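Enquirer: here are the coordinates; sequence isn't available:
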């Protein structure tokens, strides 16, 4: 597979491929870096759509962990020196290519998950947008923890929170500005009034909003 200096990566399985045309349209309207796709188990039609719109495709269909638990491994297998993972339910509203300038060595660049911080009582980070340089140690640890805990946790984000403490979060995570990953709950419940470069339509209600845009 060709290597890249900077690239985005996303992925899904057959159950979420209905969002592909919507995601690709928004991405192409605003972003100009290569896009790599991680195939979690697409249909033939879904794979054909991906190949028409992405620079490279990685096959993760045979990995034991299911669904979004394959995200950390997808990041680890990225063919790029600087990588930014972005969830398929993220609506890219303007260019985020400058995000690559915010990445730091040995850290994951993530937006604080303020709704979860508020509700869980300690600082959380959302894994809908994750940037990094090369292969940081914390990414390797995250992949290992997913293999260990994926049957016990709700998702990859919960696994990451499980293996970090307030001190190690300072060492391994750098905060991105909120505008790079604004969560649905922030706008619907928490009265977010800031800039939005990426709107993250989380949960069933978020997917219903996406269907309304199709």
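Expert: That came in fine, so what should we check first? What you are looking at is a predicted structure, and each value in this text was computed from that prediction instead of being measured. Numbers count the residues shown, from 1 in each chain.

Enquirer: Buried by neighbour count: which residues of the lowest-mean-pLDDT helix or strand in the chain qualify?
Expert: Scoring the helices and strands of the chain by mean pLDDT, DSSP states H and E places helix 114-120 at the bottom, with a mean of 91. The neighbour-count check on helix 114-120 (16 or more other C-beta atoms under 10 Å) flags 114, 115, 116 as buried. Glycine gets a C-beta too; all of them are placed from N, C-alpha and C.

Enquirer: do stretch 160-177 as well
Expert: Neighbour-count burial for stretch 160-177 [16+ other C-beta under 10 Å]: 160, 161, 163, 164, 169, 172, 173, 174, 176.

Enquirer: which ones are touching the third one?
Expert: The contact partners of residue 163, by C-beta atoms under 8 Å, 6 or more residues apart in numbering, come to 141, 142, 145.

Enquirer: that older thread, so which of the buried residues of stretch 160-177 are in helices?
Expert: Using DSSP state H, the subset of the buried residues of stretch 160-177 located in helices is 160, 161, 163, 169, 172.

Enquirer: can you map out the strands along this protein?
Expert: Here the chain has its strands, by DSSP state E, at 4-12, 35-39, 56-59, 80-86, 90-92, 108-112, 125-133, 173-175, 182-183, 198-200.

Enquirer: Out of the ones you listed, the one nearest residue 49 is which?
Expert: strand 35-39 (9.8 Å; C-beta to C-beta).

Enquirer: average pLDDT across that closest one?
Expert: The average pLDDT within strand 35-39 is 97.

Enquirer: Correct me if wrong: residue 2 contacts residue 58.
Expert: No - using C-beta atoms under 8 Å, residue 2 makes no contact with residue 58, being 11.8 Å away.
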